[in-house]
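In: Sequence and predicted structure are below.
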There are 2 protein chains.
Amino acid sequence: MDKIVECIPNFSEGRDQKKVAALVAEVASVNGVKLLDYTMDKDHNRSVITFCGDVDGVKEAAFNVAKKASELIDMRYHKGQHPRVGALDVLPFVPLKNVTMDECVAIAKDVGRRIGEELKVPVYLYEEAQGNPLRRNLEDIRRGGYEGFFEKIKMPDWVPDYGPRVMNEKSGVTVVGARNFLIAFNVNLGTSNVDIAKKIAKAIRHSSGGFRYLKAMGVDLKERNVVQVSMNFTNFEKTPLYRVFEVIKNEASRYGVNIVGSELIGLIPAKALFDTAQHYLMMENFSYDKVIENRIYE
Amino acid sequence: MDKIVECIPNFSEGRDQKKVAALVAEVASVNGVKLLDYTMDKDHNRSVITFCGDVDGVKEAAFNVAKKASELIDMRYHKGQHPRVGALDVLPFVPLKNVTMDECVAIAKDVGRRIGEELKVPVYLYEEAQGNPLRRNLEDIRRGGYEGFFEKIKMPDWVPDYGPRVMNEKSGVTVVGARNFLIAFNVNLGTSNVDIAKKIAKAIRHSSGGFRYLKAMGVDLKERNVVQVSMNFTNFEKTPLYRVFEVIKNEASRYGVNIVGSELIGLIPAKALFDTAQHYLMMENFSYDKVIENRIYE
């Protein structure tokens, strides 16, 4: 495995275990692909598969699982709290190793075209794969949901990038794109006052003046009697964990509150942790090839 | 590569590039072995090769390079500042991945026996491979050097573990063992007063009351006008980098001095950096399999 691409398809099915298992099996059966994780959420009625592999393997697995989703999932009967527009709702490709973002954009376009043409599902490109800034954000594309897309697809601004210009009643539409690795990292504060977590979240997130590649919200963890700053790092190289962590620590101290712990949701690239260690230990000469494992697998 | 052992042979030859290249080639030619690094030091007249691989490959490469050293290096003509006792001076085996220390001890004994019996070089086991506490430390075995071993080998306490009970004039003796990964990590202080670095080194090292698995000394870096606490971590899991770093920071602050940087000499296992990130980010639920690279190569 020289070039490694990650793919994280999100499906609008989180209750029927047999269907989700069939989607997982579809991915796992492809040569050159490694299944990393999958999760089912009953409330959201949604599941997420995480896998990676070489370029050809990932493309094949992504298309095959899109096809399987179009067969197994019927959006006409789908209910769930999470915003969604299709059976295969979102299909991002992420550069993991020896792969550029441009290559992931090309993969997204290839797979997106096949989904549109062969499965007759309208496809919208997003994030790095989308040139039109009005259609780059997943939130903008998904606004109105599956139900709203019957009208939205007819609007001049919302002509699909691939596939038919009419809604697919059974499968909805699919959003395909390329993006950076997303790290979900939460910091817990030693207070039961959720307003403090909300104020800090507001101070650090991009949308209200904070870090460029950070989403954040304040959450009450009632069972633990603490509050949490819940975050998504959409580019951990440009908005690193340690910098945000130190700002949270400082903002919390202004309320006399300490950080009491943190948690990682899902996976993290080794580099995000190496960068953190390098920062705190003030290393002058650190490089990736000083890590013995990187020499072994290079 | 499932089980991975590291091996770091030290040779008493650091001036004749052709001889060192021949030793490196001997290692690199073995299947199942990956050459990671090699260094030559003219002042010490010494070279170090770092390689790793599966158990069989590492054993074969270690014996082959021991044989090659016994052919190429003649200790009767060796001069150098560094303490040394043989052509292949020290041969440590280190568990890197999915290998226990006991397995590395077994490897050291197998290779040590072959060096003794087939090359007629007296072999002393050290560190984890040595049961006798009086002979565990490399410094104790090497005391007196090559020149002193002609008498030392005759003493009842210094009967070799393998090989002949008489000195090998050309090759000297070889010290073979198993040990933990050694991290060489230096911290620079913003002062030109080397006494401060020496005092801190004394405070943190095992020999004078400090951390169990830490060696340290104070060094003057005249060309940079700073001083350095130069360290060897002999067990980074029990004496971790971040804990020592924070103690140095605190001790230095007592003199009104700041840490201005640090440097890594040689290689470091990813785990030492993961542990550091986990500590500073106060992670509650970190585990190795949260790192995506560990999933890919598991």
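Out: Thanks, I have the structure now.
In: for the stretch 151-298 of chain A, which spans come out with low pLDDT?
Out: Along the stretch 151-298 of chain A, the parts satisfying pLDDT under 70 run over A:298.
In: Can you tell me which residues in the stretch 151-298 of chain A are near chain B?
Out: The interface of the stretch 151-298 of chain A toward chain B, taken as C-beta under 8 Å from any C-beta of the partner chain, is made up of A:181, A:185, A:187-188, A:241-242, A:245, A:259-264, A:266-270, A:272-274, A:276-278, A:280-286, A:290-297. Placement of C-beta: from N, CA and C, glycine included.
In: Just to be sure, which of those are found in helices?
Out: In helices, defined here by DSSP state H, the members of those are A:241-242, A:245, A:270, A:272-274, A:276-278, A:280, A:292-296.
In: pLDDT at residue A:79, what is it?
Out: The predicted structure scores residue A:79 at 88 on the pLDDT scale.
In: just residue A:1 next, same as before
Out: Residue-level confidence at residue A:1 comes out at 51, pLDDT.
In: Over to the one 5 residues further on?
Out: With respect to pLDDT, residue A:6 has a value of 96.
In: Identify the bridge partners of it.
Out: With DSSP bridges applied, the residues forming beta bridges to residue A:6 are residue A:52, residue A:94.
In: residues touching it, list them.
Out: Residue A:6 makes contact with A:36, A:50-52, A:58, A:93-96, A:181, B:292, according to C-beta atoms under 8 Å, 6 or more residues apart in numbering or on different chains.
In: again with residue A:121
Out: Contact partners of residue A:121, counting by C-beta under 8 Å, 6+ apart, are A:66, A:70, A:86-88, A:115, A:163, A:168, A:171-174.
In: tell me the phi and psi of it?
Out: Summarising the backbone geometry of residue A:121 under the convention degrees, to the nearest 10, its torsions are phi -110, psi 120.
In: got the phi/psi numbers for the closest residue to chain B within the stretch 1-150 of chain A?
Out: With C-beta to the nearest C-beta, the shortest gap between the stretch 1-150 of chain A and chain B falls at residue A:36, namely 5.0 Å. For residue A:36, the backbone dihedrals (degrees, to the nearest 10) come out as phi -100, psi -40.
In: isn't it right next to residue A:51, touching?
Out: Yes - the pair residue A:36 and residue A:51 passes the contact test of C-beta atoms under 8 Å, sitting 5.7 Å apart.
In: Touching, residue A:234 and residue A:211? I think so.
Out: No - using C-beta under 8 Å, residue A:234 and residue A:211 do not qualify as a contacting pair, with a distance of 9.9 Å.
In: if we can go back for a sec, in helices only, show me the contacts of residue A:121.
Out: Here DSSP H is the test, and those give A:66, A:70, A:115 as lying in helices.
In: The first one and residue A:28: what is the separation?
Out: So the one you mean is residue A:66. Summarising the geometry, the distance separating residue A:66 from residue A:28, computed by C-beta to C-beta, to the nearest Å, is 15 Å.
In: So these two - more neighbours on which side?
Out: Under the criterion of other C-beta atoms under 10 Å in any protein chain shown, the comparison of residue A:66 against residue A:28 puts residue A:66 first, with 28 against 15.
In: The more buried one: what's it in contact with?
Out: Residue A:66 sits next to A:9, A:88, A:91, A:111, A:115, A:119, A:121, A:174 when contact means C-beta under 8 Å, 6+ apart.
In: Tell me, how many residues neighbour the residue of the stretch 1-150 of chain A closest to chain B?
Out: Tallying neighbours of residue A:36 according to other C-beta under 10 Å, which is how burial is gauged here, yields 21.
In: Residue A:31: what's its closest spatial neighbour, skipping adjacent residues?
Out: Closest residue to residue A:31 in three dimensions, ignoring its sequence neighbours and counting by C-beta to C-beta, 6 or more residues apart in numbering or on different chains: residue A:57, at 6.1 Å.
In: Okay, the one you found and residue B:27: tell me how far apart.
Out: 34 Å.
In: ok, now residue A:187?
Out: With the distance defined as C-beta to C-beta, residue A:187 ends up 47 Å from residue B:27.
In: ditto for residue A:244
Out: 45 Å.
In: before we move on, what about residue A:174?
Out: Distance, residue A:174 to residue B:27, by C-beta to C-beta: 52 Å.
In: more crowded one of these two?
Out: Comparing residue A:174 with residue B:27 by other C-beta under 10 Å, the one with more neighbours is residue A:174, at 30 against 26.
In: and that one, what are its bridge partners?
Out: Using DSSP bridges, the bridge partners assigned to residue A:174 are residue A:123.
In: contacting residues for it?
Out: So, once contact is read as C-beta under 8 Å, 6+ apart, residue A:174 ends up touching A:66, A:85-91, A:112, A:115, A:121-124.
In: Then residue A:11?
Out: A:20, A:23, A:46-49, A:69, A:73, A:87-89 are the contacts of residue A:11 under C-beta under 8 Å, 6+ apart.
In: Quick check on the residues of the stretch 151-298 of chain A next to chain B: which are buried?
Out: The neighbour-count test (16 or more other C-beta atoms under 10 Å in any protein chain shown) applied to these identifies A:181, A:185, A:187-188, A:241-242, A:245, A:259-264, A:266-270, A:272-274, A:276-278, A:280-283, A:286, A:290-296 as buried.
In: What about residue A:85, how many residues nearby?
Out: Using other C-beta under 10 Å as the criterion, residue A:85 is surrounded by 28 other residues.
In: Oops, could you answer that again for residue A:225 instead?
Out: By other C-beta under 10 Å, 10 other residues sit near residue A:225.
In: Low-confidence bits of the stretch 1-150 of chain A, can you list those?
Out: In the predicted model of the stretch 1-150 of chain A, residues A:1 satisfy pLDDT under 70.
In: which stretches of it form strands?
Out: Using DSSP state E, counting those that start in this stretch, the strands assigned to the stretch 1-150 of chain A run over residues A:4-7, A:10-11, A:33-41, A:46-53, A:88-97, A:123-127.
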